[in-house]
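S.K.: Quick one, fold the following:
(one chain, ligands or ions: 1)
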Amino acid sequence: MNVKQLGAQTYVVESPVNVGIYVLNDKDVCLIDTGNSKDFGKKIAKLLEEHNWNLKYIINTHSHADHIGGNAYLQGKYHCEIYAERTESYFINNPLLEPSLMYGAMPIKGLYSSFLMAKPSICYDISNLQVDGLKIINLSGHSFGLIGVVTSDNVIFTGDAYTSQRILEKYAIQYTYDVDGFLKTLDFLEKTEYAYYVPSHGEVERDIKNTLRINRETTLEIEKEVLDILEYKNTFSELLNELAKKYHINLTLEQYHIIGTTIKSLLTKLSDDGIIEVAIKDANLWIDKK
Ligand SMILES: [Zn+2]
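M.R.: This next block holds a predicted model:
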């Protein structure tokens, strides 16, 4: 595993889902996220053993399965305490909530993959945790209560608050629970001056202004695309179908719900901005531009 030191007490394990390590004292560490699987959790445990580190805490930036996949294994092995934002902690304790949120009912077969559902682990509200050298900040938008973790080395772990340029070029439409909140978080991050920014997916960067700009422009481009499609299509299904064609997305059962969440969130923003009206017509979610 590729471990990079970013400060006296701060390390990052660079992988498809970057994991943070903050050294608390000469034996204990705190992990920031645990990767996408039990196997990844095992690799982390091996790494901790090589350094003679004991795992005292895990902080999850949010509850998505690719960030908490190693939780259950690591908690079983180290009996460590796990913390996340309060609402996210409900999802970590009861991962069935994640596909339930997307489906809107008891999830149908096909939405139970490890991509959407991790194993449960016992997770507490992070407002009850005080760790010397760590500061928690709200970066919600991508998910309900996404948090960033800032270390005493002026390094911030940003979870999925933004996505690297390389990944955005590949997948333009990212999962977003609250598009308006996502854009506000980008504005907030733009005003910050951390030594290193560590997103969960993509490269560690010292200056993320350009990356933030690309995130904002990509979202606004999709919003414009939605408004263009609404000139000649009115139902949510038609809108989603047109977007999938435009962005070359294969709408599987999973992707329908992931991309569909983002587009519904965009509709919420456009409705709040007074640009569209949404109603039910012939059992369709029907969208009219004002
Ligand atoms: Zn996520």
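S.K.: in what helix or strand does L270 lie?
M.R.: Using DSSP states H and E, L270 falls within helix 253-272.
S.K.: which helices and strands sit right next to that helix?
M.R.: Using 3 or more CB pairs under 8 Å, 6 or more residues apart in numbering; DSSP states H and E, the elements in contact with helix 253-272 are helix 97-103, helix 179-190, helix 209-229, helix 236-246, strand 276-281. C-betas here are computed from N, CA, C, even on glycine.
S.K.: avg pLDDT for stretch 282-290?
M.R.: Mean pLDDT, stretch 282-290: 96.
S.K.: contacts for that stretch?
M.R.: 227, 230-231, 234-237, 239, 267, 274-280 (CB atoms under 8 Å, 6 or more residues apart in numbering).
S.K.: repeat for stretch 197-210
M.R.: 4, 6, 12, 14, 16-18, 20, 33, 61, 66-67, 155-167, 189-190, 195-196, 211.
S.K.: Also near the ion: which of those, exactly?
M.R.: D160 (CB under 5 Å from the ion).
S.K.: Need the residues that contact the lowest-mean-pLDDT helix or strand in the chain.
M.R.: Counting by mean pLDDT, DSSP states H and E, the chain has its least confident helix or strand at helix 165-170, which shows a mean of 90. Helix 165-170 has contacts (CB under 8 Å, 6+ apart) with Q174, H201, G202, E203, N210, T211, I214, N215, T218.
S.K.: Spit out the contact partners of Y124.
M.R.: E81, I82, Y83, S89.
S.K.: now whatever helix or strand it lives in: mean pLDDT?
M.R.: Taking DSSP H and E as the criterion, Y124 maps to strand 123-125. Strand 123-125 carries an average pLDDT of 98.
S.K.: strands paired with that strand, and their directions?
M.R.: In the sheet, strand 123-125 lines up against strand 81-84 (parallel) (DSSP bridges).
S.K.: and the partner strand with the ion, contact?
M.R.: No. Using CB under 5 Å from the ion, strand 81-84 stays clear of the ion, coming no nearer than 12.1 Å.
S.K.: so does whichever helix or strand comes after that strand get close to the ion?
M.R.: As assigned by DSSP H and E, the chain's next helix or strand after strand 81-84 is helix 86-93. No. Helix 86-93 does not reach the ion (CB under 5 Å from the ion); its nearest approach is 10.2 Å.
S.K.: returning to what we had before: the contacts of Y124 into CSV, with extra columns for neighbour count and pLDDT?
M.R.: CSV is the format used below for the contacts of Y124 (neighbours: other CB atoms under 10 Å; pLDDT from 0 to 100):
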residue, neighbour count, pLDDT
E81, 17, 98
I82, 24, 98
Y83, 24, 98
S89, 21, 98
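S.K.: Give the single residue among the residues you listed positioned nearest to the ion.
M.R.: The ion lies nearest to S89 out of those, by CB to the ion, at 15.1 Å.
S.K.: who touches the closest one in this structure?
M.R.: Contacts for S89 (CB under 8 Å, 6+ apart) come out as S63, Y83, C123, Y124, D125, I126.
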